[in-house]
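Visitor: Just the structure for this:
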Amino acid sequence: MDCLFCKIVAGDIPSTKVYEDEYVYAFKDIDPQAPFHAIVIPKEHIVSADMINEQNSHLVAKVFEAIAKISKQENLENGYRVVNNCGKDGGQTVGHIHFHLLARRNLQWPPG
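Guide: As a prediction, this is how the structure comes out:
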C-alpha cells in the first residue's frame with residue numbers, strides 16, 4: 001500500500017511522535033496551523049470518514065480516546081479543535097482518515 005500515513009506508522013517515514021498506543025498514532029503536523037497541531041490517526045488503514053462502518057468504528061472511538069489523553073498530556077486546558085476533512089472537496093489530502101488536533105491559540109468560527 002502506498003499510503004503516507006501507513007508509512008509513518010511503520011517508521012518508514014520519520015515523524016515527531018506525540019502519542020502512540022496499540023490502535024492510534026499521533027504526530028506533529030509538518031505545516032502547523034496553530035501553536036499545537038497534531039495529526040491523530042488509527043494505525044489501521046481507513047481511507048476516509050465515508051469508509052467508517054461496523055467493523056472499524058471502534059478505531060475511530062480509540063482515536064477520540066487518544067485525543068482526550070493527548071489533551072491532558074499536552075496541558076490543553078484552554079480547549080482545542082478537532083478537524084476531519086473527508087474527500088477532495090472536503091480538503092482531504094491524504095487517503096487515510098486523520099484528525100487534526102489544534103490548540104494554543106484562539107480558534108475562530110467559522111474558520112478562515
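Visitor: tell me the contacts of the residue lying closest to C6 once chain neighbours are set aside?
Guide: Distance criterion CB to CB, 6 or more residues apart in numbering; nearest residue to C6, sequence neighbours excluded, is H45 at 5.6 Å. In short, each C-beta sits where N, CA and C put it, glycine included. Neighbouring residues of H45 by CB atoms under 8 Å, 6 or more residues apart in numbering: M1, C3, F5, C6, H96.
Visitor: which element is H45 on?
Guide: Element membership of H45 [criterion: DSSP states H and E] is none; it lies in no helix or strand.
Visitor: any idea how far it lies from I8?
Guide: 12 Å (CB to CB, to the nearest Å).
Visitor: where are the low-confidence patches of this structure?
Guide: 1, 112 (pLDDT under 70).
Visitor: Can you list the strands that the lengthiest strand in it pairs with?
Guide: The single longest strand within the chain, with elements called by DSSP state E, is strand 36-42. Sheet partners assigned to strand 36-42 using DSSP bridges are listed as strand 24-28 (antiparallel), strand 99-103 (antiparallel).
Visitor: Now do the buried residues in the biggest helix by length in the chain.
Guide: In the chain, with assignment by DSSP state H, the single longest helix is helix 57-73. For helix 57-73, a neighbour-count test (16 or more other CB atoms under 10 Å) marks L59, V60, K62, V63, A66, I67, I70, S71 as buried.
Visitor: Ok, stretch 79-90 next?
Guide: Y80, N84, N85.
Visitor: In contact with the nearest residue to the first one once chain neighbours are set aside, which residues?
Guide: When you say that, I think you mean Y80. Of all residues beyond its chain neighbours, the one nearest Y80 is A103 (3.8 Å), with distances taken as CB to CB, 6+ apart. Residues in contact with A103, defined by CB under 8 Å, 6+ apart, are A34, P35, F36, H37, S71, E74, L76, N78, G79, Y80, R81.
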